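J.: starting from these lines, generate the structure:
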Amino acid sequence: MRIGFGSKCLLAATAFAAMGALDVASAQQNVPFKGGIPVAPEGLANMPLGKGPFEYPTGEGMDIRVVVVTNQLEYPFGLAFLPDGTMLVTERRAQLHIIRNGKLDPKPVAGTPEAHFAGTSGLPGAVHGYMDVVLHPQFARNNYVYLSYTKPLPDQRTGLAVARAVWKNDAFTQTKDIFVADDGTGGPGRLAFDRDGKLYITTSGGDAQDTGSYGGKVLRLNDDGSVPSDNPFVGKAGYKPEIFTLGHRSSLGLAMHPGTGEMWQNENGPNGGDEVNILKPGANYGWPIVSLGRDYPGPWHSRKFQQEGLEDPVVYWTPAIALSGMAFYTGDKLAKWKGDLFVGGLRTGEIPGTGHLERVLFNENMQELRREALLVDLHQRIRDVRQGPDGLLYVLTDENPGAVLRIEPAN
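T.: Here you go, the predicted model:
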C-alpha cells in the first residue's frame, strides 16, 4: 500500500470531527431529496454552447483556441480516431456516428449491435446504450473496432457487453460479442489496450468486493475475448478469471501511460472522493471499505480513508468533479502540456452546469505537482477527452445537443 495522504488524511479527519460537533439546526436550508440524492440547483445548468471559437490564456503561459467541430450529437460518450483522422463517436441513444473533415454524417453506422437504451432521464450520470469505442492496436492490419454497450438479456435484464467488428466501407461487418456480463453488471464500459494487446474493460454496480461478480472491477481480456493465462485470479476458486483489479466504484476513464505502459483508471466517488489510480494486477482499490467522499445525504462514507492492503489513489478530488474520460497528451502542438494528464469533469461539488476539463502535471516520479481547470465558463459536462492524430486535443460534451470540441494553439 502506498502511503501518500499524510497530512491530507489528518485534515480530513479533523474536519470530520469538527462536523460532528455542528448543531444540525444551523443548516442553511432544508434540501429536498429524490432517490436518496439531494436535488441540485439548476441555476447554472443547461447553458447553451456558443458557436465559438473561444480563446483562453492558460496556467502554463500558452494561449489556446477551442473550436466547435460539431454541435449536432445527442449525449455522446466515446471518441476514436481512424488513421486518416475520421472520428467515430458513440451516443448513449445507441448510435455510432462518423465525423469526417469536420462534418457529421447524420446516418448512423450500419452493422452495430442492438442495445438497450432507457433514455437519459432519471438518475444523474446514468450510463447505458452505446458507450466506448476503440481501435485494435493493429487496426491497419485487421480493421478491428471494439464497442462497449448495454446488451438486452433474457427476463428483461441487461448487461455490459463488448462487441468486435471489422470496419469496412464505413460500416461494421462480422460483428460479434467477445464479452457479455451475464450477471447483469452494467457499464460504464471504458475500453483501452495495453502494449501487449490486452483489452481492459471497466465496470460498475454490484458489490465491488465480490470476486464472483463482474461489478466494480477492471477486467482484462485477450483481443478475442478469451482470458489471458497470466491474469491474477486465473484458476482461483471464487474469482471471475477476467478480473484484473477490484474495489472500484464507477470507472469512467481508462488510459495507458505512454511512458511506463501502466494502465491508469479514474472513478467517481460518491459526494467527493473522485480518484485516479494506477492499476496493479490483483490489487484492491478499496470501494466501499474506504473512501475520501461523503454519502449523498452528507455524512462521510467511511470513517477511514486508508487501510493496509488497499491501494491509494495517485490523484483525488474532494469535492468531486464527477470524473469521466481520460487521456495523456503526448503531442507537440500544445507543447507546454506534453506529458500531462487530462480528465473530463461532469459537474463540480454536485452543482449542475459546472462541468469542465482538468489538466494534471506530474513530476518524473508521477507525483502530482499542480492541476488546472479549463473550459469552466462553457458550463458543459465533459464526457471524454482524446488526442487526435493531428496532435491536438478533442473533447466530447455530454449534452443534448452535444459537441465535439478541438483544442488548438491560439497562435
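J.: so for stretch 330-341, mean pLDDT?
T.: Computed over stretch 330-341, the mean pLDDT rounds to 97.
J.: correction: stretch 129-138
T.: pLDDT averaged over stretch 129-138 gives 97.
J.: how distant is that stretch from the center of its chain?
T.: Distance of stretch 129-138 from its chain centroid, counting by Cα atoms, centre = their mean, to the nearest Å, is 14 Å.
J.: and the contacts of that stretch?
T.: Stretch 129-138 has contacts (Cβ atoms under 8 Å, 6 or more residues apart in numbering) with 77-82, 88-96, 112, 115-118, 142-150, 187-193, 197, 223. C-beta: built from backbone N, CA, C; applies to glycine.
J.: which of these fall within strands?
T.: 77-81, 88-91, 95-96, 144-150, 187-193 (DSSP state E).
J.: out of the contacts of stretch 129-138, which end up buried?
T.: For those, a burial check counting by 16 or more other Cβ atoms under 10 Å picks out 77-82, 88-96, 112, 115-117, 143-150, 187-193, 223.
J.: same question for stretch 262-274, mean pLDDT?
T.: Stretch 262-274 comes out at a mean pLDDT of 95.
J.: can you list the buried residues in it?
T.: Quick answer for stretch 262-274 (16+ other Cβ under 10 Å): M263, W264, Q265, N266, E267, N268, G269, P270, N271, G272, G273, D274.
J.: please apply the same query to stretch 293-301.
T.: For stretch 293-301, by 16+ other Cβ under 10 Å, it's G293, R294, W300, H301.
J.: so who does the most centrally placed residue in the chain touch?
T.: By Cα atoms, centre = their mean, the chain has its centre lying nearest to L252, at 2.2 Å. Shown in contact with L252 (Cβ under 8 Å, 6+ apart): V127, P188, R190, T202, N266, E267, N268, L323, S324, G325.
J.: now for the fourth one: which residues touch it?
T.: Think T202. Contacts for T202 were tallied using Cβ under 8 Å, 6+ apart; they are 187-190, 217-219, 248, 251-252, 254, 265, 267.
J.: with distance to V166 added, can I get these in TSV?
T.: Shown next, in TSV, are the contacts of T202 (distance: Cβ to Cβ, whole Å):
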residue	distance to V166
G187	24
P188	25
G189	20
R190	22
K217	28
V218	26
L219	23
H248	31
S251	28
L252	28
L254	23
Q265	28
E267	32
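J.: quick one, strands of the stretch 301-411 of the chain?
T.: 315-317, 323-328, 341-345, 356-362, 368-374, 382-387, 393-397, 402-409 (DSSP state E, counting those that start in this stretch).
J.: got a markdown table for those strands, with mean neighbour count and distance to N101 too?
T.: As requested, those are exported to a markdown table (neighbours: other Cβ atoms under 10 Å; distance: least, Cβ to Cβ, whole Å):
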| stretch | mean neighbour count | distance to N101 |
| --- | --- | --- |
| strand 315-317 | 23 | 36 |
| strand 323-328 | 25 | 23 |
| strand 341-345 | 27 | 25 |
| strand 356-362 | 20 | 24 |
| strand 368-374 | 14 | 26 |
| strand 382-387 | 25 | 18 |
| strand 393-397 | 26 | 14 |
| strand 402-409 | 21 | 13 |
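J.: would CSV of those with distance to A181 be doable?
T.: Converted to CSV, those look like this (distance: least, Cβ to Cβ, whole Å):
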stretch, distance to A181
strand 315-317, 27
strand 323-328, 20
strand 341-345, 24
strand 356-362, 30
strand 368-374, 33
strand 382-387, 22
strand 393-397, 24
strand 402-409, 26
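J.: so which of those strands comes closest to I243?
T.: The minimum distance between I243 and these falls on strand 323-328, with 20.9 Å, by Cβ to Cβ.
J.: other SSEs contacting the closest one?
T.: strand 250-256, strand 263-268, strand 274-278, strand 341-345, strand 382-387 (3 or more Cβ pairs under 8 Å, 6 or more residues apart in numbering; DSSP states H and E).
J.: any idea of the mean pLDDT for the very next helix or strand once past the third one?
T.: With elements assigned by DSSP states H and E, the helix or strand that comes after strand 274-278 is strand 293-294. The average pLDDT for strand 293-294 rounds to 92.
J.: re the thing from before, can you tell me which of the helices and strands packed on strand 323-328 is nearest to N363?
T.: strand 341-345 (12.5 Å).
J.: which residues sit against that closest one?
T.: With Cβ under 8 Å, 6+ apart, strand 341-345 has contacts from 253, 255, 264, 266, 276, 315, 321-329, 354-360, 362, 373, 382-385, 393, 395-396.
J.: that one pairs with which strands, and in what direction?
T.: The strands that strand 341-345 pairs with in its sheet are strand 323-328 (antiparallel), strand 356-362 (antiparallel) (by DSSP bridges).
J.: just the CA trace of that strand, in PDB.
T.: C-alpha atoms of strand 341-345 as PDB (Å, rounded to 0.1, in the frame of the first residue of the first chain):
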ATOM      1  CA  LEU A 341      -2.900  14.000 -17.800                       C
ATOM      2  CA  PHE A 342      -6.400  15.300 -18.900                       C
ATOM      3  CA  VAL A 343      -9.700  14.300 -17.300                       C
ATOM      4  CA  GLY A 344     -13.200  15.300 -18.000                       C
ATOM      5  CA  GLY A 345     -15.500  16.600 -15.300                       C
END
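J.: where do the helices sit along the stretch 101-250 of the chain?
T.: For the stretch 101-250 of the chain, the helices defined by DSSP state H, counting those that start in this stretch cover 139-142.
J.: understood, closing this out.
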